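J.: I'll drop the sequence and a predicted model, then ask my questions.
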Amino acid sequence: MNLFDVYPLFDIEITKGRGCHVYSADGTEYLDLYGGHAVVSVGHCHPVVVKAIERQASQLMFYSNSVINLFQQQLADRLGRVSGYDDYALFLVNSGAEANENALKLASFHTGRKRVIAFRRAFHGRTSAAVEVTDNPKIISPLNANNNVTFLPLNDMDAVCNELSKDDVAAVIVEGIQGVGGIRIPDEAFLRVVREECDRHGTVLILDEIQSGYGRSGRFFAHQYSGIRPDLITCAKGIANGFPMGAVLISPKFKPSYGMLGTTFGGNHLACATAIAVLDIIEEERLVENAAKVGEHLIERLKAIPAIAEVRGEGLMIGIEMPFETKELRRRLIYDEHVFTGAASTNIIRLLPPLTLTMAQADDFIDRFTRALTSL
């Protein structure tokens with residue numbers, strides 16, 4: 001049996017990781033400025049995470065959500081305190097798409113409405129409702145095209161106010177920072193207006209912090225720069241450092257009802273033990289602060305490179321827009337300079353490194369990036 005061919009692959013097999021580096025089967029060391037797509041938040045194979053997984057796997061990996069799992073409440077308590085949302089409730093799932101799927105469902109249950117406002121260039125996942133609010137016709141099948149979504153330009157206050165005034169919108173869903181869309185940041189004033197207008201019209205505000213959350217932006221959640229409090233916040237990626245997990249943070253305005261939501265694997269013992277270890281590391285190593293400090297340094301150094309058209313980002317979520325297609329530049333970064341990066345569109349390089357990235361490693365990346373750029 002062959003694998004279903006869905007991704008273009010680099011001809012490299014990664015077999016090991018440590019901190020901000022990964023290693024191929026032939027022993028080559030790579031500097032990882034991609035973090036497995038923003039998933040590796042506290043560094044590859046962090047010993048605290050490894051020990052937590054080993055310890056829990058030797059005791060109990062999984063039992064169903066029909067019994068008490070104290071790890072779930074421990075995680076909820078820790079996440080509430082660290083994030084500043086200790087009055088919210090937590091629903092645990094397995095992925096970012098699943099988190100967004102359940103958030104959209106909650107919004108529709110709560111309002112009795114079905115129309116959603118999303119934004120151009122948005123990416124929210126590949127499951128049914130999540131893909132419908134994603135601005136990419138290539139991945140929306142006829143089954144998903146229910147025409148319940150209105151896409152608006154990001155940061156267009158007038159357009160949002162006009163649509164919300166129709167009083168038929170269940171939810172506005174917006175990324176804390178657009179990732180796949182090219183590291184595009186909602187203006188703080190824009191988010192504040194959206195919050196006010198959602199309150200005025202009884203619409204639920206969903207902040208998708210799947211890629212931009214968990215300290216990546218230099219705040220625990222990127223929307224916290226604006227001072228707003230969303231009704232629902234979705235998380236995944238960095239939540240468990242590579243173990244599949246997602247979550248929805250749910251404001252007190254939502255009242256639970258048995259049967260409304262459910263999951264088989266979500267919040268299992270092994271996932272929760274891993275996620276608690278990640279929060280331990282984030283706090284003890286002050287990784288949110290590190291992301292802000294190293295990210296600021298990296299952005300400053302990138303802006304000094306004349307060949308770059310624009311640098312956007314917050315913390316360690318950075319977009320490097322080039323005045324040309326970046327396919328060859330990324331190829332040289334990987335094969336010549338041994339650096340992994342991400343991409344967005346055809347001309348944007350995305351940096352999503354582990355939050356443990358040091359100043360020295362950031363400078364090392366700049367040296368390698370400059371050499372690859374010069375070689376073009």
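T.: Yep, it's here.

J.: what about the longest strand in this structure?
T.: Taking DSSP state E as the criterion, the chain has its longest strand at strand 169-175.

J.: can you give me how far that strand is from the chain middle?
T.: Centroid separation between strand 169-175 and its chain, computed with CA atoms, centre = their mean, to the nearest Å, is 17 Å.

J.: by contact count, what packs against that strand?
T.: Secondary-structure packing of strand 169-175 (3 or more CB pairs under 8 Å, 6 or more residues apart in numbering; DSSP states H and E): helix 96-111, strand 115-119, helix 157-164, helix 188-201, strand 204-208. The way it works is simple: take the backbone N, C-alpha and C, and place the C-beta from them, glycine included.

J.: Which of the ones you listed sits closest to C20?
T.: helix 96-111 (22.6 Å; CB to CB).

J.: Given the longest strand of the chain, what are its sheet partners and their directions?
T.: Sheet pairing of strand 169-175 (DSSP bridges) gives strand 115-119 (parallel), strand 204-208 (parallel).

J.: between these, which gets nearest to G125?
T.: Nearest to G125 among those is strand 204-208 (8.7 Å), distances taken as CB to CB.

J.: With respect to G36, which of the strands paired with strand 169-175 lies nearest?
T.: Closest to G36 of the strands paired with strand 169-175 is strand 204-208 (CB to CB; 18.9 Å).

J.: pLDDT on the closest one, on average?
T.: Here strand 204-208 scores 99 as its mean pLDDT.

J.: Could you list the paired strands of the next helix or strand after it along with their orientation?
T.: As assigned by DSSP states H and E, the chain's next helix or strand after strand 204-208 is strand 232-235. When pairing is defined by DSSP bridges, strand 232-235 lines up against strand 204-208 (parallel), strand 246-250 (antiparallel).

J.: ranking the strands paired with strand 169-175 by burial, who's on top?
T.: Neighbour counts averaged per stretch over the strands paired with strand 169-175 are highest for strand 204-208, at a mean of 29; criterion: mean count of other CB atoms under 10 Å.

J.: Pull the distance from that strand to the chain's centre.
T.: Relative to its chain's centre, strand 204-208 lies at 14 Å (CA atoms, centre = their mean).

J.: hmm, back to that, of all the strands paired with strand 232-235, which lies closest to I68?
T.: strand 246-250 (18.7 Å).

J.: mind checking how far the closest one is from the chain centre?
T.: For strand 246-250, the distance to the chain centre is 13 Å (CA atoms, centre = their mean).

J.: CA atoms of that strand as CSV?
T.: Extracted C-alpha coordinates of strand 246-250, given in CSV (Å, rounded to 0.1, in the frame of the first residue of the first chain):
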residue,chain,number,x,y,z
GLY,A,246,-6.4,21.0,21.0
ALA,A,247,-8.6,23.1,23.3
VAL,A,248,-11.5,25.6,23.4
LEU,A,249,-11.5,28.2,26.2
ILE,A,250,-15.1,29.0,26.8
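
J.: Quick check: buried residues in that strand?
T.: Buried residues in strand 246-250, counted by 16 or more other CB atoms under 10 Å: 246-250.

J.: right, and T356 touches E285 too?
T.: Yes: using CB atoms under 8 Å, T356 is in contact with E285, at 7.0 Å.

J.: Have a look at those two and say which one is more surrounded.
T.: When neighbours are counted by other CB atoms under 10 Å, T356 and E285 differ, and T356 comes out ahead with 22 against 16.

J.: does that one sit in a helix or strand, and which one?
T.: With DSSP H and E as the test, T356 turns up in no helix or strand.
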